[in-house]
Each structure stands twice: as C-alpha cells, then as structure tokens.
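Visitor: Here is my input, please return the structure:
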Amino acid sequence: MSHRVLGDKHVYDKVEVDSDTGEMSVWDTSIFPSVVRSRQYAFFRRVLDLAPKGARLDVGCGGGWTTHFFSQDGTMTVGIDVSKSLLRKAIKARNPCEEFIVADAGRVPLRDESISLLVSVSALHHLPVEVALREWMRVLKSGGMLVLLEPNILNPVGTLGRTMFPTETHTEGERPFSPDNLRSFLAASGLEILSWETQILLAFAVSRVVRLLHLPKKSSEGLARLVERIEQAASEFTARKNLGWVILCLARKGD
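Guide: Okay, here's the model as predicted:
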C-alpha cells in the first residue's frame, strides 16, 4: 500500500461504526438518514433499474452500508476496504450474497472484466485517481457501469467545514473534486457518463452540528423536517446545479 493509503487506513481504523446499519458514527441519527441517505438510496434505486446483471463491487465499502444495499436483491456483491476494523463491522451484518476483502482500491484482487457494476462512495478522492480508475476499468466488464458519490469542492459549506471542522474521517491526503475535474478524469478513462447531478446544500453540516451538540432525538427529528423542506426548495433553483455537497454519477464502460 502507498503511504497515502496507509495514512487513510490509520484514520479509518479508529472510526466507530454501527454494526446494524454499517454507517460510520460521524453524523446524527435523524437528519442524516432521513435527508441525506434517503436521497442517495433513491439514486441507487434508479441505478439498479439500469444496471446490467452480474457481480457487483463496492470499493472502499467501510462499514458495509452500500454493500448491504446492492446485495439485497440476491446479487453477489464484494466489498473491499483497507481497514480491517471497518470490515469486521461490515461482516457482522453480512448476508449470503456478500463477501468482504481487505484490499487497496488501486489493486483490486479480482479477475479482468469480472464485475458488472462497480460502486464507490467517497473513496476516489482519497486515491491516486488515474491509477484507481485504470484498475476499476480493468475489472469492469464491457458495458459495465460505475457509480460514484464524491464530495464537491464547489459546495461552500462543505469546503469550509472540511477546513475548519474536519470530521473523524477526514484525512490529509484527500482531494475533493469539482464537477468539471471529475468529468475530465472519467472521460480520459474512456467512461461514458449516463447520469450526473449534485445533491444536498447544507444537510450534512446541520447533521454534524446536531451530533456534536448531542441534541435530543425529538429536537433533531424536528430539524430533519425543516432541513428536508429547505433542501427541496433549493433543488428547484438551477443556480445550485453544480453546488451540491455530493456529486452523484453513473457512467458506463464502452463495449
């Protein structure tokens, strides 16, 4: 493993994870699942409507929440991560269609063209991008799809928070993307973008503050409803098209 990957491993080995959900204990338990994850799950469901049949790979799977989601229809899904500590938590909720492997995302221990759908949530900005994408293209079948969720450096709240109030999962080597920057990397790798959007203006930040302040459950649930209304209203403005906290992308490897 590279020095950069080893540094990330050291950070993530210390992160607490909810063994039931596979979620890292960085955000609150009301706003985050009801506003952030619910939107991401909706995106994933749209992905599954388009995804080719065959084995799936979750790169940087962490505590396993994405692996659990993509295996729930009975499709074999492999989760890889450099952190043994996180994988131990993921394995506790493992179902028969899942396998977890300790591995570097730049050296995937799978055969060429063995994966139909590769998912990566907030992992690519921790990695040497060209190296990782080249390896991911190697294991993807022709016509296979790549799903990415990556932090957007153009979101002012997220960028300020990363600098001033880093979470337990922030690392020195991470390099968030701008939408144009990420598009360029994907195009250079030969990937065709099928779907592209950004989501969430401030729900992450509110969720983080609620967790740090240990607000009562009732208060956070009330805030969740307010934040959802704000996010819904903000989504109507085209000016925020590239400003969402997270970039969500579905791309396809050519035949």
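Visitor: roughly how far out does the lowest-mean-pLDDT helix or strand in the chain sit from the chain middle?
Guide: Using mean pLDDT, DSSP states H and E, the weakest-scoring helix or strand in the chain turns out to be helix 3-12, at a mean of 76. Relative to its chain's centre, helix 3-12 lies at 17 Å (Cα atoms, centre = their mean, to the nearest Å).
Visitor: Low-confidence bits of the stretch 101-250 of the chain, can you list those?
Guide: Across the stretch 101-250 of the chain, residues meeting the criterion (pLDDT under 70) sit at 238-239.
Visitor: And the helices in it?
Guide: Listed from the start of the chain, the stretch 101-250 of the chain has helices (DSSP state H, counting those that start in this stretch) covering 129-139, 156-164, 179-188, 203-213, 217-234.
Visitor: can you state the direction angle for the longest strand along the chain and helix 179-188?
Guide: Using DSSP state E to define each element, the chain has its longest strand at strand 140-151. Using axes from the mean of the first three to the mean of the last three Cα atoms, to 10 degrees, the direction of strand 140-151 lies 170 degrees away from that of helix 179-188.
Visitor: is it true that Lys92 touches Ser19?
Guide: Yes: the pair Lys92 and Ser19 passes the contact test of Cβ atoms under 8 Å, sitting 4.5 Å apart. (C-beta placed from N, C-alpha, C; glycine too.)
Visitor: Check the chain and tell me which residue is nearest its centre.
Guide: Val121 (1.6 Å; Cα atoms, centre = their mean).
Visitor: Tell me how far it lies from Glu236.
Guide: Using Cβ to Cβ, to the nearest Å, we find Val121 at a distance of 26 Å from Glu236.
Visitor: would you say Leu87 is within a helix?
Guide: Yes: judged by DSSP: H, G, I helix; E, B strand; the rest coil, Leu87 forms part of a helix.
Visitor: which residues touch Glu98?
Guide: Gly64, Thr67, His68, Ser71, Met76, Thr77, Val78, Gly79 (Cβ atoms under 8 Å, 6 or more residues apart in numbering).
Visitor: Any quick PyMOL command for the buried ones out of the residues you listed?
Guide: Selecting the buried subset of those in PyMOL, with 16 or more other Cβ atoms under 10 Å as the burial test, is done by:
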select buried, resi 64+67+68+71+77+78+79
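Visitor: Looking at the contacts of Glu98, which are in helices?
Guide: Judged by DSSP state H, these include Thr67, His68, Ser71 as members of helices.
Visitor: Next, the contact list for the second one, please.
Guide: Put plainly, it is His68. Gly22, Ala93, Asn95, Glu98.
Visitor: Tell me the spatial nearest neighbour of the third one, not counting adjacent residues.
Guide: Okay, so that is Asn95. Of all residues not flanking Asn95 in the chain, Ser71 sits nearest, at 6.1 Å (Cβ to Cβ, 6 or more residues apart in numbering).
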